[in-house]
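**Q** give me a model of this one.
(chains A and B)
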Amino acid sequence: MRKYLLARVVSFGCAATIAGASVAADDGLKLPAGFSATVVQEGLGTGRHLAVAANGDIYLAGRKGLTAMRVDKTGKAVEVVPFGNVQGTEVRIFGDWLYVSDDVGVYRYALKKGELAPSGAREVVVAAFPKERQHSDKTFALDPAGTLYVNVGAPSNSCQEKDRQEGSLGKNPCPLLEKYGGVWVFDGTKLNQTPANGRRFATGMRNAVAIEYNAGQKALFAVIHGRDSLDTLFPALYDAADNATRQAEEFHRIVDGGNYGWPYSFFDTKLGHRVVAPEYGGDAKKVPEAGKYPDPLVAFPAHWAPNDLLFYTGKNFPAKYQDGAFIAFHGSWNRAPEPQAGYKVVFQPMKNGKPSGEYEVFADGFAGDMADNSPNNARYRPVGLAVGPDGSLYVSDSQKGRVWRISHQQ
Amino acid sequence: MAHFTPAVRRLRLRFAAALTGVAAFMGTAAPDTPPTTAAAATVGSRPLGQQLYGRHCLSCHQADGGGVPNMQPAIKGGTWVQGDSRALALFVMTGGFDSASRKDSDVGNVMPPFRQLPDAELAEILTFIRAKFGNGASPVSEAQVAEARTSLP
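**A** As a prediction, this is how the structure comes out:
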């Protein structure tokens, strides 16, 4: 494999001189030079997030249920076992427990030595979040003390009086923020809690699917899905090209008591500053009250759909990746009729919890040709990220349930 | 908050249509066929229904009518699009909020109502989607939409 990669780089001549030059890797994924991908497994339906245990066992969440996988030395799955009764997005390993979630709760299973699929009963950590349709995935993070940070997405695009209807103005104040549109904290080691046991930690977050606790920084971070449909809801102010490009996917450090501006504002990547949302009197330029909402650490392109965030502390990747952020962008739909975008894993260099350079594309080529510019026709859509015990990065896909292991050749 | 009334929107559409017609003339010199019936109106090389689909429907249901997994349903080949045209017109005018089929659906987003669009534009859109995504189902006339509208609450 190593010889093959070297040969490819040389055969392209100029590629070797470009920083982060891409080479064809297993499965057509494009990765920086020195990296290669192995397909662990596919064919389990819709994949969502995934976690890798210290022994290398992989746990994949999905809309059809959970799957446990054991891999051989080459990284290929040799045992694949569906288990449990949770259909959802999040899965994390905390101590000897596997924490998972669906749209209405967070649960856990005991991970016993030698067992691939947990045999014990599901325990309820938090149940009875309101059943919603939009932005209902209860993704979460845990800190080393067991504090559970749950993303409670807003069941709305922009808190209009009439959701997603042209010209409808925003409710002010937005009542959804009392129960949604933020992060709620719980004691993740306690069982049988309800949302009433939680505390609103941060607000003004439309849907922070990509949420991660950074142990080195002792801080929570998130990349938030920005709003849709500027042009179809407010055609006098925005056209289709504006809608396809202006509202950032915002990467923030999430602090206790923080307010990140939804639905009243969004960060406009064209103007380079935050603007008041059109539902709340914005005119495509108007700036919110100074200091009310923080600017993002990084304003990622509109509609890319950040679905997972991971700070790399593994031992396999070169030094520049240490403490940096990988973000899985599931890919756009609301850019249409403009070409869809995203569908890639991006690396954001970080130092001391702050961006230390421009983000770069790390893994690309997931979507394939994507006929008719239609997300439904994407070959793969990256959705989850995890690091294995050897420092490899694992990526999951929502189209076919495929999982890749990406490694760097030392 | 400035936003367009239906009347103003119609004017904008006519203006946009005129521009498209000019562009078509300059590009190919193909003469624009004057629309004979609402359901057959074309502007430039693209049917008006396709343009209106692009303006109101495409970002959710996509160019191929395939929808977006877990977000918006496919309409391509669906029962609504090729079924009874009156039921389809009513569905599009009222939106998906209270539809029975929605209860069992796993898609997240809800279609807003489109009753604010004039009968002629709705007829164009419905005719387009039935032809393209509904196995060639029959066109829908402005009069049929107007008749269906009388049943709206």
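**Q** and the gap between residue A:208 and residue B:87?
**A** Separation of residue A:208 from residue B:87 (CB to CB, to the nearest Å): 39 Å. Every residue, glycine included, has its C-beta placed from N, CA and C.
**Q** so the residue nearest to residue A:338 when sequence neighbours are not counted: helix, strand or coil?
**A** Closest residue to residue A:338 apart from its sequence neighbours, by CB to CB, 6 or more residues apart in numbering or on different chains: residue A:244 at 3.9 Å. When classified by DSSP: H, G, I helix; E, B strand; the rest coil, residue A:244 comes out as helix.
**Q** phi and psi next, for residue A:85.
**A** Dihedral pair for residue A:85: phi -140, psi 50, per degrees, to the nearest 10.
**Q** and it, what does it touch?
**A** Counting by CB atoms under 8 Å, 6 or more residues apart in numbering or on different chains, residue A:85 touches A:65, A:122.
**Q** around residue A:68, how many other residues sit close by?
**A** Neighbour count for residue A:68, taken as other CB atoms under 10 Å in any protein chain shown: 22.
**Q** give me the helices and strands touching the host helix or strand of it, please.
**A** Element membership for residue A:68, per DSSP states H and E: strand A:66-71. When contacts are defined as 3 or more CB pairs under 8 Å, 6 or more residues apart in numbering or on different chains; DSSP states H and E, strand A:66-71 sits against strand A:35-41, strand A:58-62, strand A:77-83.
**Q** export these as CSV, with columns for mean neighbour count.
**A** CSV is the format used below for the helices and strands packed on strand A:66-71 (neighbours: other CB atoms under 10 Å in any protein chain shown):
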stretch, mean neighbour count
strand A:35-41, 21
strand A:58-62, 28
strand A:77-83, 15
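**Q** to residue A:310, which of the ones you listed lies closest?
**A** Within the helices and strands packed on strand A:66-71, the stretch nearest residue A:310 is strand A:58-62; the backing value is 14.6 Å (CB to CB).
**Q** give the other helices and strands that that closest one contacts.
**A** strand A:47-52, strand A:66-71, strand A:91-94, strand A:97-101, strand A:382-387.
**Q** residues touching the strand holding residue A:68, excluding its own?
**A** Residues from elsewhere that reach strand A:66-71 (CB under 8 Å, 6+ apart): A:40-41, A:44, A:56-60, A:77-84, A:86, A:91, A:100, A:116-118, A:401, A:403, A:405.
**Q** pairing partners for it, with directions?
**A** Sheet pairing of strand A:66-71 (DSSP bridges) gives strand A:58-62 (antiparallel), strand A:77-83 (antiparallel).
**Q** JSON lines please, covering the ones you listed and showing mean pLDDT.
**A** Listed next are these as JSON lines, based on pLDDT from 0 to 100:
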{"stretch": "strand A:58-62", "mean pLDDT": "97"}
{"stretch": "strand A:77-83", "mean pLDDT": "95"}
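**Q** and of those strands, who's closest to residue A:298?
**A** Closest approach to residue A:298 among the strands paired with strand A:66-71 is made by strand A:58-62 (26.0 Å; CB to CB).
**Q** so residue A:123 touches residue A:189, yeah?
**A** No. Here residue A:123 lies out of contact with residue A:189, judged by CB atoms under 8 Å, at a distance of 10.9 Å.
**Q** re the thing from before, who has more neighbours out of residue A:208 and residue B:87?
**A** For residue A:208 versus residue B:87, the count of surrounding residues by other CB under 10 Å is larger for residue A:208: 32 against 12.
**Q** look up how far residue B:82 lies from the closest residue to the more buried one other than its chain neighbours.
**A** Counting by CB to CB, 6+ apart, residue A:222 is the residue found nearest to residue A:208 once chain neighbours are left out, at 3.9 Å. As judged by CB to CB, residue A:222 and residue B:82 stand 43 Å apart.
**Q** now swap in residue A:273 and tell me
**A** Going from residue A:273 to residue B:82 by CB to CB gives 48 Å.
**Q** contact residues of the stretch 301-410 of chain A facing chain B?
**A** A:333-337, A:371-377, A:398-399 (CB under 8 Å from any CB of the partner chain).
**Q** I'd like to know which of those is nearest to residue A:143.
**A** residue A:398 (27.1 Å).
**Q** dump the residue contacts of the closest one.
**A** Residue A:398 is in contact with A:46-48, A:330, A:381, A:383, B:69, counting by CB under 8 Å, 6+ apart.
**Q** okay, who's weakest in the residues you listed by pLDDT?
**A** The lowest pLDDT within the contacts of residue A:398 belongs to residue A:46, with 84.
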